[in-house]
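Participant: Take a look and give me a structure for this.
(chains A and B)
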There are 2 protein chains.
Amino acid sequence: MTYCIASKLNSGLVFLSDSRTNAGVDDIATHRKMTVLRKDKRTFILLSAGNLAITQSVRAQLNDSKVSKQLWGVGSMYQAAEIIGRCIRSVKKRDGQALDREGVEFNCSFILGGQILGEDIRLFKIYSAGNFIEAEGDSIYFQIGETKYGKPILDRVLSPEISLDAAAKCMLLSMDSTLMSNLSVGLPLDLLVYEESYPGQIRYRYLDENDAYFSQLKENWSLHLKRGFDQLDRFDWDKAKKIDIKRIEC
Amino acid sequence: MTYCIASKLNSGLVFLSDSRTNAGVDDIATHRKMTVLRKDKRTFILLSAGNLAITQSVRAQLNDSKVSKQLWGVGSMYQAAEIIGRCIRSVKKRDGQALDREGVEFNCSFILGGQILGEDIRLFKIYSAGNFIEAEGDSIYFQIGETKYGKPILDRVLSPEISLDAAAKCMLLSMDSTLMSNLSVGLPLDLLVYEESYPGQIRYRYLDENDAYFSQLKENWSLHLKRGFDQLDRFDWDKAKKIDIKRIEC
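Facilitator: Model (predicted):
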């Protein structure tokens, strides 16, 4: 599988992706899931999850001269999401039936974020049917891939007001919980920030197993959780509601 | 869906289950997932997840006179797990093809734990094919249903040495993360402990939305996580590895 997250905050966008691809546990490889496309006043950041043959083909289509011309001519992020949706449908048209015959699901999903200068920053999640939704209001993050292990911490911490650095920290903890629980998600990680106040500029970092900050973060978080767990009151059998065990006897 | 957990520790067994059943978001009901079967020197605790029509039928079969006679005559927990496996196969034989024609997956899973006095306490996870695995060595817990949201905290905290109360607390936090993230899991909860040192005896509690301990636990844990999150060092852009962004440009 894979795990990618993107959040849209008041001060900008944060993207985080792992780089593991697997076709079974004996066929594991490293492929980047984050792609940056930028030219003149347009910056697009794309995250992908699902069948690698499909997601690579979608990315490849974006380099096709006709599609590329459309992409660099779009008037809105919405139109850019439409183009990616069309590329997905085009790959489905080419490969869908053959995959179906092999019993392989046409499985892919994308997150697209970025800005066209003059427009607001925007964030979309694009499904395998080529349709998409946009982050708005209380919906401030999207996940794709192996999303469940890392969701609770995002729900507890992310809010539009927090800083981009705090969001990056939260997303790294979400990634840590996922890495711990699922072999199909793995290092290295790609982390990218797009700041509202520096339009068109991005900060990008690459976190591998030697990254001192991530190692320390994982360790400190784990210690904090264990300490907090110990401090919580023990379960009080006397205070809890007793009801006749016959209720659950068969 | 549903969410059930059971752990096997040095001092006994702990079981926790929610009670939500849904056939779509507009068809939600409350059904218990925990069943206790006990007679003379045999105590069995059964947790169930999956299609309610299937899991109820499996439980009903256990009351069939022939099956019941077998169950109360087993010489080991292993044989009890075999009997539940056979009940699953019997329901599949009756309903499997019809479900298949409707495009409904034959989806069920069970956790069986308990003791036959004189034997060790044992814990099994039984799959929809009727086959099963047993908790042994480092494998000290089983989950069924909506398992992913609540897995990280179990992996961080559970170990064979911790007390039954500590395990109950950990499993309640795991349940809290799941309740927060997934509408298909819901209160009330059934919590049950089987102590190695009081063979044949069980402690059972019922936790609904008025349970003061669980409400406090959720609140304190949430506060602790947020405080801990704030205390962790912020992401240090200067120390992290910079590599050319061309690596991810398309």
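Participant: switch to C-alpha atoms for all contacts and neighbour counts from now on
Facilitator: Will do.
Participant: and A:Ala29, what element?
Facilitator: strand A:28-30 (DSSP states H and E).
Participant: What pairs with that strand, parallel or antiparallel?
Facilitator: strand A:20-22 (antiparallel) (DSSP bridges).
Participant: tell me the mean pLDDT for the partner strand?
Facilitator: Across strand A:20-22, pLDDT averages out at 82.
Participant: ok, A:Leu192 - contacts?
Facilitator: A:14-16, A:202-205 (C-alpha atoms under 8 Å, 6 or more residues apart in numbering or on different chains).
Participant: Where does the residue lying closest to it once chain neighbours are set aside fall, secondary structure wise?
Facilitator: Counting by C-alpha to C-alpha, 6 or more residues apart in numbering or on different chains, A:Tyr204 is the residue found nearest to A:Leu192 once chain neighbours are left out, at 4.4 Å. Element membership of A:Tyr204 [criterion: DSSP H and E] is strand A:202-207.
Participant: Show the average pLDDT along that strand.
Facilitator: For strand A:202-207, the mean pLDDT works out to 94.
Participant: which residue ranges form the helices in chain A?
Facilitator: Along chain A, the stretches classed as helices by DSSP state H are A:52-62, A:65-71, A:77-101, A:151-157, A:164-181, A:212-231.
Participant: What residues sit buried inside the first one?
Facilitator: Looking back up the chat, that one is helix A:52-62. A:52, A:54-55, A:58-59, A:61-62 (16 or more other C-alpha atoms under 10 Å in any protein chain shown).
Participant: and what of the second one?
Facilitator: Using 16+ other C-alpha under 10 Å as the burial criterion, the residues of helix A:65-71 that qualify are A:67, A:71.
Participant: what angle separates the strand holding A:Tyr204 from helix A:212-231?
Facilitator: Relative orientation of strand A:202-207 and helix A:212-231, computed by axes from the mean of the first three to the mean of the last three C-alpha atoms, to 10 degrees: 70 degrees.
Participant: Can you tell me which of the contacts of A:Leu192 is nearest B:Gln79?
Facilitator: Nearest to B:Gln79 out of the contacts of A:Leu192 is A:Leu16 (C-alpha to C-alpha; 48.4 Å).
Participant: Quick check: the residue nearest to the closest one when sequence neighbours are not counted vs A:Ala53, distance?
Facilitator: Nearest residue to A:Leu16, sequence neighbours excluded (C-alpha to C-alpha, 6+ apart): A:Leu191, at 4.6 Å. Per C-alpha to C-alpha, to the nearest Å, A:Leu191 is found 23 Å from A:Ala53.
Participant: cool, A:Arg205 as well?
Facilitator: 26 Å.
Participant: Is the residue nearest to A:Leu16 bridged to anything, and to what?
Facilitator: When assigned by DSSP bridges, A:Leu191 has beta-bridge partners A:Leu16, A:Arg205.
Participant: That one contacts A:Tyr206, correct?
Facilitator: Yes. Counting by C-alpha atoms under 8 Å, A:Leu191 does reach A:Tyr206; the two are 6.4 Å apart.
Participant: Neighbour count: these two, which is higher?
Facilitator: A:Leu191 (21 against 18; other C-alpha atoms under 10 Å in any protein chain shown).
Participant: quick one, what contacts the more buried one?
Facilitator: A:Leu191 touches A:14-17, A:168, A:204-207, counting by C-alpha under 8 Å, 6+ apart.
Participant: With A:Ile248 instead?
Facilitator: Contacts of A:Ile248 by C-alpha under 8 Å, 6+ apart are B:32, B:34-36.
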